[in-house]
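J.: sequence below, structure please.
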Amino acid sequence: MNEQKVYILGGYQTDFARNWARENKHISAMMREAYEGSLMTTKVKPADIKAAFIGNFAAELYCMQGHLGAFFVDFDPAFKGLPTCRFEGACASSALAALSAMAHIQAGIYDCIALVGVELMKSASPARGGDYLGTAAWYERESAGVEYPFPKLFGRLGDVYADRYGLDDAHLARISAINYANARLNPNAQTRDWYMSYDHACSGEPYNAAVSGRIKVTDCSQITDGAICLYLASESVAADYAKRGGLKTEDIPHIAGWGHTTAPIEFTTKVKDSENADFVLPWTRKAITDAYERAGIADCWALDAIETHDCFTTSEYMAIDHFGLTEPGKSWQAIEEGVIERGGKLPINPSGGLIGGGHPVGATGARQLLDAYKQVTGTAGDYQVENAKRIAMLNIGGTATTNVCFVVEK
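T.: Residues are numbered from 1 along each chain as shown. Model prediction:
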């Protein structure tokens, strides 16, 4: 069966360095800025929008607000009665919203959908926010009463690599330094004005505090307020949009492939299930290879860059071999050889990723899609990968419980 292509018409990202709680602004204000900015950036007309799908993890916890889709209706008088939905899958929430939007477009239900990813996180103290994030794991078994549960869980991912294949923490420090350096080129990155270096990432107390085990401050993604609004559209809408802008339809990026898997929620179960597998997280690997197959590509070397979910340096270390840049357990080779650097053979996170760019949890998948769009349209500015035509992104929820991979190409 030949499925119709789903196109990305562009979008807008808020500045991830902002603290919206300190500005005393409601989560709906962040959504509205993303929406209004997207209209200016894309020239999409409100009348073109037939539905709005919202990705969000935990607004009920961070700001005592649910039912986020209803806020979109307030953004334009024409939207009263507009269908809206909200999707939750921990850090993969807005990638799930994108998957559902694709399905609705391919089914002919809606032909242009506003995809919004949003999270307001700085309303909570670090300790309380860490507890909220713990609900993305099996809370009673993995998070309750644990200080900062996710650094501990992703520290265990590094421990698994160390036990099976060996792991030098200097390679994790290099991942961190690369992402911070890339973020300095991104005008929306949270850490664009921060100081960071490889030597600093290698250091320990008192300059680089340990959070849990091998995970230090520089190994962690950021606590971020942020929103993104972008547009997914059918072939007919994309053709009309291209004509209005003096473009050809083939000039507009489309989603060429996708993969979606769900692993057991408890990290211990994931590790036990993979004891006899080549890959530490085989369901993450399957989401990636499914996306490759649907996109009609053989392997990662058909890509020009990757945006991956580096909630911690260990998750990017995992992604390197799971995307196929190296054999399982040999991610260090791609790091030492400079493959993943912005000018390398296959750059990873030219935007700065989650460590450098920021991680508004439920919005990250939408941000990755938007950055993939920017790369293949040559509009990424100073962090543009030269001649980028095909980008993959991996968005994971929990400890790689929900895995969503897209391949975007022009």
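
J.: give the helix, strand or coil label for N403.
T.: Three-state call for N403 (DSSP: H, G, I helix; E, B strand; the rest coil): strand.

J.: wait, it sits on G365?
T.: No. N403 lies out of contact with G365 (CB atoms under 8 Å); the separation is 11.1 Å. The C-beta positions use only the backbone N, C-alpha and C, and glycine is treated the same way.

J.: more neighbours: which of the two?
T.: Neighbour totals were compared for N403 and G365, and G365 leads with 34 against 28 (other CB atoms under 10 Å).

J.: point out where the protein drops to low pLDDT.
T.: Filtered on pLDDT under 70, the chain yields the residue ranges 1-2.

J.: what about 80?
T.: Along the chain, segments meeting pLDDT under 80 span 1-3.

J.: residue contacts, P46?
T.: P46 makes contact with 39, 76, 78-79, according to CB atoms under 8 Å, 6 or more residues apart in numbering.

J.: next one: it relative to S38, how far apart?
T.: 11 Å (CB to CB, to the nearest Å).

J.: which neighbours do N403 and G365 have in common?
T.: Common contacts of N403 and G365 (CB under 8 Å, 6+ apart): 92, 395.

J.: before we move on, back to that, just the contacts of P46: which are in helices?
T.: L39 (DSSP state H).

J.: most neighbours, which of the contacts of P46?
T.: L39 leads these on contacts (other CB under 10 Å) with 19 neighbours.

J.: report the contact partners of it.
T.: 45-46.

J.: so what's the residue count around the closest residue in space to G356 that isn't next to it in sequence?
T.: Using CB to CB, 6 or more residues apart in numbering and skipping the chain neighbours, the partner closest in space to G356 is A183 (2.9 Å). By other CB under 10 Å, 28 other residues sit near A183.

J.: got phi/psi on A183?
T.: phi -60, psi -30 (degrees, to the nearest 10).

J.: hang on, it packs against T191?
T.: Yes. A183 lies in contact with T191 (CB under 8 Å); the separation is 4.9 Å.

J.: now the common contact residues for these two.
T.: The overlap between the contact sets of A183 and T191 (CB under 8 Å, 6+ apart) consists of 352, 355-357.

J.: please indicate which of the residues you listed has the highest neighbour count?
T.: G357 (35 neighbours).

J.: check contacts around it.
T.: Counted by CB under 8 Å, 6+ apart, G357 has contacts 16, 179, 183, 186, 188-191, 222, 349, 351, 367.

J.: I'd like those as JSON lines, with distance to I215 appended.
T.: Below are these laid out as JSON lines (distance: CB to CB, whole Å):
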{"residue": "F16", "distance to I215": "21"}
{"residue": "N179", "distance to I215": "15"}
{"residue": "A183", "distance to I215": "19"}
{"residue": "N186", "distance to I215": "24"}
{"residue": "N188", "distance to I215": "26"}
{"residue": "A189", "distance to I215": "21"}
{"residue": "Q190", "distance to I215": "19"}
{"residue": "T191", "distance to I215": "17"}
{"residue": "Q222", "distance to I215": "14"}
{"residue": "N349", "distance to I215": "18"}
{"residue": "S351", "distance to I215": "22"}
{"residue": "R367", "distance to I215": "23"}
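
J.: quick one: the helices in the stretch 151-300 of the chain, in order.
T.: 169-183, 198-202, 235-244, 267-273, 282-295 (DSSP state H, counting those that start in this stretch).

J.: and of those helices, who's closest to R342?
T.: helix 169-183 (5.8 Å; CB to CB).

J.: looking at the helices of the stretch 151-300 of the chain, which is buried most?
T.: Compared across the helices of the stretch 151-300 of the chain, helix 169-183 shows the largest average neighbour count, a mean of 23 (mean count of other CB atoms under 10 Å).
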